[in-house]
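1. here's my sequence, what's the structure:
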Amino acid sequence: MIAAPSHHRRTRRATPARRAAAWLAALVSGAAGAGCLSVPEGPKPECQSTDDCDRGHGEVCEENVCWGNPPAGTFAAVLSPPSSRHDLVSREIPQVIIPDFGWMGDLALEAPVQLSGKVVAACLTPQLPCDPTPITATVTVARRSQFQGGPGFKAVVFNVAAGDTFSIPVPRTRVNDDLYTVTILPDSTQKVGVRSAAEQVPPRRMQVAVTDNTSAAPIQLGSPGLPVIRGALTDSLGRGLAGYRVSALGRWDPAAPAIEVSTVAYTDAQGAYAVTLSDELASPVELVARPTGPAGMAAPIAPVIHVSNIDATQSSQHDVTQPSNLGTPVQLDLVIEGVNSGGAITGVSGATVTVTGTQTSGLTSFTMSDDQVVADASGRVTLHLLNGDGIAGDYRLSITPPAGSSQGVVFDQKLPSLVGLVRYAPPPMRLATRVTLSGRVLDSDQKPLANVAVTARPSLRFLWTLEPEPQAFVAAIPAATARTFNDGVFVLSVDLAVPNVAQSWSDYDLLIEPPTGSGAPTVRSEFPLPRASALDAATVPDITLPDAAHVHGRITGPDGKSVENAELKLYRVSTQLALCSEVAHAPASCPIPAQLLSRNTSDSEGTVRLVLPRP
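-> A predicted model of the protein is given here:
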């Protein structure tokens, strides 16, 4: 339960829901007194003078609102210009000071500087005459946040055509700012001139400071001497596996997710391939080969080949022979069903179904998987796998119902053996029913609030107790969201636990977002589900929104002029990182996100008004 301390409550403070009516009453009161307009007497404005506010906590009266007395904490902000203002760029403010009287002053947007260039393939044989070849590529510019847990900066220009110049507006790099990371991914389907697959250019990452507009100079991808991974993929009889798409996954930053960091090759009739790695990679990389079909045709039913722990700093040879015991195709027909709110058994439409099996030998593995979204109301889905004894007894099933479904997830459930089968249709699979989570949202005067968005997401503490694989699965489950009724009541369906994961009782963070203009603050509340294996429903104690603190400021351009329709997002920055040492599987970088407290856009005078929660 969230409630405001009693010393912040004042009987003269109008509730957030009545403030709009109070302003309207003040506006028309003169006309009503003259007999021109008759309206019922509405609630009084929150204040007529500063004496009506909490002067002991620094509040002042303006616009019939008591401004100030903000909550304690460390605050940061992100300013974003309106989409029509191309002369401005977003800006992070690592520290925002909010005085007791609630006026944040002028918050200035910046003029951008342009990061420009052209992407070309480098000449790989310097001793021969060569003009760098323009290539098509996607360019991403990113910079980590300037405050703990903030969103940072990121801009992407997709598929810059060969020969075209890209130009990306970014905030100017100032003293002590982090460098920008520029990642360039060439079109992996593009052939560069008459180069062989081994000579195609790999992605490139650069770190740059952008202190002024850059020239559209060519940015070269590839260079002589980069490491090359070569080899051949063959079946158990030594025949080449043609048409496999081969690339390497790796990272420049050890803490970042793995992405493609090499050229892309397609195996020839002998199964031969060669891919060139990017430079400055954090070793090692993983070679991944996926079966593909001719243009416009489905890929053959065959495993994905993985070769792990490859040194990214030197060239190497990796020949792979596919085992003979993976079998031939088998069709798996599943029906996914559940019990609906009326007690009837129905098909689960829209659920994502994935089946995966892996055979591993040393650093090489062969993974057979298929996934499909259940598209019809009957809950039927057809998957295509392999039936050999080297893999068919090791298939695992995962199911994620769509957002809002009352049916629960399935994770890593073992399937019956498919050895030797050509088609298999097991009995319908019935999903467990999710826990019905209900509660009530009240304003600071204990009155129900309607139309409040309530979103339940797994808490960070819960997620970081899980191993990486179930952690990723749970994080990808669509969040449950509902709005409160007129009586303030909300009802959500959430998963009690993660099947096949020990001690995975779910804890949820509830994000409470009152409608814009209500005057009520946005808050978060953590709710651990009761530890009961047969739990059908759980009730959240009444969530009483705290008293609102009103703060404001003015958004300007670098010239000091007001900017209309600019957005301000105000964050509370977490300074307590103890969680990272209290759970078993926190990421090494401990990315505890800053809490978004409030957001709003500026009016015609550049003024932006925010509502913050008091403790």
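2. where does this structure have low pLDDT?
-> Scanning the chain for pLDDT under 70 picks out 1-44, 124-129, 189-199, 503.
3. tell me the domain ranges of it?
-> Using automatic domain parsing, the domain parsing of the chain gives 6-52, 75-108+550-613, 113-221, 228-321, 329-430, 435-546.
4. how far out from the middle of the chain is the third one?
-> What separates the centre of domain 113-221 from the centre of its chain is 24 Å, taken as Cα atoms, centre = their mean, to the nearest Å.
5. list the buried ones in stretch 175-191?
-> Residues 180-187 are the ones in stretch 175-191 that count as buried (16 or more other Cβ atoms under 10 Å). Heads up, the C-betas are built off the backbone N, CA and C, glycines and all.
6. how about those residues in CSV, adding secondary structure and distance to Leu397?
-> Output for the buried residues of stretch 175-191, formatted as CSV (DSSP: H, G, I helix; E, B strand; the rest coil; distance: Cβ to Cβ, whole Å):
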residue, secondary structure, distance to Leu397
Tyr180, strand, 43
Thr181, strand, 38
Val182, strand, 41
Thr183, strand, 35
Ile184, strand, 39
Leu185, strand, 33
Pro186, strand, 37
Asp187, coil, 36
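7. ok, of the residues you listed, which one's closest to Ser341?
-> Closest approach to Ser341 among the buried residues of stretch 175-191 (Cβ to Cβ): Leu185, at 46.0 Å.
8. just the helices in this structure please.
-> Secondary structure of the chain (DSSP state H): helices at 16-33, 460-463, 468-475, 579-582.
9. about what we covered before: just give me the closest of the buried residues of stretch 175-191 to Gly338.
-> Nearest to Gly338 among the buried residues of stretch 175-191, with distances taken as Cβ to Cβ, is Leu185, at 40.9 Å.
10. wait, that closest one sits on Pro203?
-> Yes - using Cβ atoms under 8 Å, Leu185 is in contact with Pro203, at 4.9 Å.
11. what sits in contact with each of those two?
-> Contact criterion Cβ atoms under 8 Å, 6 or more residues apart in numbering; residues shared by Leu185 and Pro203: Glu260.
12. please name the bridge partners of Thr138.
-> Under DSSP bridges, the beta-bridge partners of Thr138 are Leu185.
13. can you pull the contacts of it?
-> 156-160, 184-185, 187.
14. which one of the residues you listed is nearest Leu437?
-> Val156 (36.6 Å).
15. if you skip the residues just before and after it, what's nearest to that closest one?
-> Thr140 (4.9 Å; Cβ to Cβ, 6 or more residues apart in numbering).
16. could you tell me how many residues sit around that neighbour?
-> Neighbourhood size, Thr140 [other Cβ atoms under 10 Å]: 16.
17. mind checking how far stretch 215-222 is from the chain centre?
-> 31 Å.
18. list the buried residues for it?
-> 219-222.
19. in JSON lines: these, plus distance to Asn600.
-> Listed next are the buried residues of stretch 215-222 as JSON lines, based on distance: Cβ to Cβ, whole Å:
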{"residue": "Ile219", "distance to Asn600": "39"}
{"residue": "Gln220", "distance to Asn600": "45"}
{"residue": "Leu221", "distance to Asn600": "43"}
{"residue": "Gly222", "distance to Asn600": "47"}
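20. need the domains of the chain in TSV (columns: distance to Asn69).
-> Converted to TSV, those look like this (distance: least, Cβ to Cβ, whole Å):
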stretch	distance to Asn69
domain 6-52	8
domain 75-108+550-613	6
domain 113-221	24
domain 228-321	40
domain 329-430	38
domain 435-546	12
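21. tell me the contacts of the nearest residue to Val160 once chain neighbours are set aside?
-> Using Cβ to Cβ, 6+ apart and skipping residues adjacent in sequence, the residue nearest Val160 is Phe166, 4.6 Å away. Phe166 makes contact with 116-119, 139, 157, 160 under the criterion Cβ under 8 Å, 6+ apart.
22. so which of these are in strands?
-> 116-119, 139, 157, 160 (DSSP state E).
23. state the distance from Gln146 to Met206.
-> With distances taken as Cβ to Cβ, to the nearest Å, Gln146 is found 20 Å from Met206.
24. of the two, who's got more company?
-> Set Gln146 next to Met206 and count neighbours by other Cβ under 10 Å: Gln146 wins out with 19 against 14.
25. what distance do you get for the more buried one to Phe75?
-> 13 Å.
26. what does Leu277 give?
-> Counting by Cβ to Cβ, the separation of Leu277 from Phe75 is 43 Å.
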